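> Compute the structure for the input listed below.
(2 chains)
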Amino acid sequence: MNDFLLLMKPELVISIIIFLLLFIKIGKGMSNAGMLLLIQVLLLINFGLGFFKMEEGSLFGGLYKTDMLIAYQKNLLNLGVFLISLLFADWFKKSDHLAEFFMLMLSSLLGMFFLISSGNLLMFYLSLELASIPVAAMANFDLHKKIASEAAMKMILSSAFSSGILLFGISLLYGATGTISFDLLPSVVTGSSLQIMAFIFLFAAFAFKLSIVPFHLWTADVYQGAPTATSAFLSVISKGAFAFVFITVLYKIFQPLHTVWFNLIMLLSVVTMLVGNLFALRQQSIKRFLAFSSIAQVGFILVGISSNSSAGTAAVVYFVLIYIFSNLAAFAVAGTIESQTGKESVNDYKGLYQTNPFLCWMMALALFSLAGVPPTAGFFGKLFLITAGAQNANYLFVIVVALNLVISLYYYLRIIRAMFMDKNEQPIQKLMVPASVKLGLIICAGGIVLTGLVSWIYDYIQLLS
Amino acid sequence: MNLLLLLLIPLATAIAVLLIPGKTQVRWTALIGAAAQLVMSLGLLYAFRAARLSGNKAQVLFEQQHKWFPNWNISFHLGVDGISVSMILLTAFVVIAGVLISWNIEKMTKEFYFLLILLSLGAYGFFMSLDLFLLFFFLEVAVIPKYLLIGIWGSGKKEYAANKLALLLMFGSALVLVGMLGTYYGCDVKTFDMVALSNMQIPVDVQKICFPLLFVGFGVFTALFPFHTWVPDGHSSAPTAGSMFLAGISMKLGGYGCLRVAVTLMPEGAREYSNIIIVLSSIAILYGAFATMMQKDFKYINAYSSVSHCGFVLLGIGMLTKVSITGAVMQMVSHGLMTALFFAVIGMIYERTHTREVNDMGGLMKVMPFISTVLFIVGLCSLGLPGLSGFVAEMTIFVGSWENADAFHRIATIIACMSIVVTAVYILRAIGKVAMGPIKVSYAGLTDANWYEKTAAIILIVGILAIGLAPFWLNDLISPGAEIIMHKISPVITGIK
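The predicted structure follows:
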């Protein structure tokens, strides 16, 4: 019983929050501001608790497993959701269905927690569904917007499709090996053609979730249509969680097939970042732009994954931590501007610096971090991914990856240029940035600066993995 | 002498500039910070010389190493030798002059000075780091401030120039990154530490791949032909202090990187590719000189002549003799001071006449004697008049180059020498047109330099004269460093012969 409470405490706390919200909703109700504060405090408590007694252990006969790295990963995701609750306060407070939104988002988070902890393909599939279905509802939260319904539709169809593929892959794998336990699978995966086929189906499902090219087509439409908070959740928290579990699946279950997936990952990482970068070059909508930039970022995550070593794991976890800070800050600035003015095109950002210097500096910091420019943390994140990836790779691969850094800089600079340099007769007026958004942005900025320069954060992650 | 101070002073200045309200206060804060940098670097020079005179023969002095990402064998490793000290001195001179010359910037003053100081922080860090990763970190720290300086405060087609500069420099650093990783994984002992790397033999096949990557990567920063195209656009669009920093400091990052990283760590690679370097730098020297002849815009004149002058740096490195390498470093220092002063003077003139077209000016000597005198000094320095720093540096390079006895090296040296004639033509023509002749009526009421402009110019002239009149102290500073580099290369070269 003690084990159960201790090992599953992140999941339990999140479940408690969900039920609490449910009771508040069907009971007397609460003001939006009060409820938001309650959620923030509880998430912060969960974040604090997460660092307390991070232990290795398993429950339910191996269905649920956890160790220090997994506990840390859950903490990162929790931190991300906490930041979302701060950063999009502006939009949340105006919403009529705040409780429902958080119930859905936290359910999805709960699903991700179980997903990272799953020790069995069945548990894996169940939690994956729990993690993805609520997001489709979240995508449709701006009920009056047609584009949001379209986004939700695309989201639900593509995730249903990928679930189908995943299930097919799982059944093939079970048929070929006779087991679904993560512990037993590595010893029976031998590389027979049936198993490789099963692997490819599993891989395709992951590719959908991580929006790896050529399974990325839903991404931009969904990000553009969905409320910004949902897009932020999808692009940061969901990507992070799936990247973590992808590593587990590749490094543990399919370790025997290493030679098969190594080349595949290398190829797809290059293609993904190229496509993401090239499409991002010409986007006018800031949310579509961030969508393609996040596709390109996934390409870089794949570079780290390709290293097939604990250094790669550490680099990916570290990068996701940095990515949480940088991408959430970028989405938050875009979201604040959108919720107050309804503008979301790059052209609207022209001359923004004259009226909103704070937002501009935050956006610039976030974009520089995404582009991997020092002294921001993104530089360290990307460099370690590339260093890890270069371990087994050839010069050509490293050169292509490094050149992609240059391409990506170009389009991030486009936004910087619009904000700082371009002249505009009628820039967006001075916006009121709510205190909690300011706080969230400052936390993100602190994270962007310190996560890189303070090396023990990385050392700690490396120690865990 | 704690080298960390040279990083902390700019950092503290940058933070103070951000926090302090009021334009005048910001300016004075930046100036005090820059003056502190100058004092610190002069102190460093003194301490370094004192240590050398007392018989300290260690390769690098004032070394300090702190733990930083130990899992990748990265460390925060700082240390200086004579070459670094001279580059640090150059940086400090240019920074204080740049801060002074931008005294009248009214647009976003705070941000402007913040970026200037950030750029200097990157340069100091770069010149002091003894760890490849740290070096790369500081190299890239210096890129984005340049982009913003040009893009926000620049003139002309500034967005285009800023983009071109940022992308080409990032391209250069991407190549450096690949070369760096290749070196890291190519050696038996995985380390980014440059002292450790230079003490071990990097496998020859690794050198053959990584040397061109590193050399071209750093070369982009120092206008290696054909990657020099960012130089004219970037320099001419940048604000005055931006051009001074670009040409005075930023281009030197590349030269220093070529020497310290590429050549020192990979002597085999250097020997393998030295002929290509010589050909490319000769092209840059000649092409830069002839392209300058065709320019009408004063800033473009100096920008193209920078391509030509930085070609000498690469030529000196490519010649691979002790004297030529010493000359290359001297040329970096000399050109840094000279070109910064040149851009400062052009900025001063532009402030008053509001044109940079050489043909539209004339007779400025009559209304602004101080500025015109400085223009003459800097012009003569540029064309290599004895007594000024340009002559010392270029002469050293030629003498060093001539030590290579074969026809190829001799021809390259002769070609490079000939460019001096071209330099004399365009410099004398330009400054003659600007300063001499009848004065235009509209210029009659113009005023001479202000106190801050005078101070900036005098600081830089002191540097130029100190090298030109007493070159031996600089030579003594640099040549032991060059000797250590040559010590690594010589066995390779003699082994071939």
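> Name the SS class of residue 191, please.
Assuming you mean chain A. coil (DSSP: H, G, I helix; E, B strand; the rest coil).
> wrong one, I was asking about chain B
B:T191 ends up coil, using three-state DSSP.
> cool, the one 10 residues further on as well?
Secondary structure assignment for B:Q201 (three-state DSSP): coil.
> OK, contacts around the nearest residue to B:P239 once chain neighbours are set aside?
Nearest residue to B:P239 in three dimensions, chain neighbours excluded: B:W153, at 4.1 Å (C-beta to C-beta, 6 or more residues apart in numbering or on different chains). All C-beta spots, glycine's among them, are computed from the backbone N, C-alpha and C. For B:W153, the contacting residues are B:I105, B:K107, B:M108, B:F112, B:A238, B:P239, B:G242, by C-beta atoms under 8 Å, 6 or more residues apart in numbering or on different chains.
> Buried ones only from the residues you listed, please, as a PyMOL command.
Buried residues among these (16 or more other C-beta atoms under 10 Å in any protein chain shown), as a PyMOL selection:
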select buried, chain B and resi 105+108+112+238+239+242
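> Restricted to helices, list the contacts of B:W153.
Using DSSP state H, the subset of the contacts of B:W153 located in helices is B:F112, B:G242.
> burial measure for residue 61, as a count.
You didn't pick a chain, so chain A it is. 9 (other C-beta atoms under 10 Å in any protein chain shown).
> Chain B is the one I meant
Residues lying near B:L61 (other C-beta under 10 Å) number 19.
> same check, this time on the one 3 residues further on
By the criterion of other C-beta under 10 Å, B:Q64 has 14 neighbours.
> Which of the three states applies to the nearest residue to it once chain neighbours are set aside?
Nearest non-adjacent residue to B:Q64, counting by C-beta to C-beta, 6+ apart: B:L78, 5.3 Å away. Put simply, B:L78 is strand when judged by three-state DSSP.
> so B:L78 bridges to which residues?
Taking DSSP bridges as the rule, B:L78 bridges to B:Q64, B:S129.
> Would you mind naming what in the stretch 51-200 of chain B lies close to chain A?
Contacts of the stretch 51-200 of chain B with chain A, taken as C-beta under 8 Å from any C-beta of the partner chain, map to B:67-72, B:133, B:137-138, B:140-141, B:143-144, B:147-148, B:151-152, B:158-159, B:162-163, B:166-167, B:170-171, B:174-175, B:177-178, B:181-182, B:184-185.
> Now, of those residues, which are buried?
For these, buried by 16+ other C-beta under 10 Å: B:68-69, B:71-72, B:133, B:137-138, B:140-141, B:143-144, B:147-148, B:151-152, B:158-159, B:162-163, B:166-167, B:170-171, B:174-175, B:177-178, B:181-182, B:184.
> Sort out for me which of these are in helices.
Per DSSP H, those map to helices at B:133, B:137-138, B:140-141, B:143-144, B:147-148, B:151-152, B:158-159, B:162-163, B:166-167, B:170-171, B:174-175, B:177-178, B:181-182, B:184.
> what about the residue nearest to B:N71 when sequence neighbours are not counted, distance to A:Q391?
Of all residues not flanking B:N71 in the chain, A:Q462 sits nearest, at 4.6 Å (C-beta to C-beta, 6+ apart). Distance, A:Q462 to A:Q391, by C-beta to C-beta, to the nearest Å: 14 Å.
> ok, now which ones touch A:A280?
A:F289, A:F292, A:S293, A:I295, A:A296, A:S408, A:Y411.
> just A:M155 next, same as before
A:V135, A:A136, A:A139, A:W218, A:V222, A:A226.
> Equivalent analysis for A:T248, please.
A:T248 neighbours (C-beta under 8 Å, 6+ apart): A:I116, A:F182.
> element containing it, please.
helix A:239-248 (DSSP states H and E).
> starting at the chain centroid, how far to that helix?
Here helix A:239-248 is found 9 Å from its chain centre; the criterion is C-alpha atoms, centre = their mean, to the nearest Å.
> Give the rounded mean pLDDT of that helix.
On average, the pLDDT along helix A:239-248 is 92.
> go on, stretch B:398-407?
On average, stretch B:398-407 scores 86.
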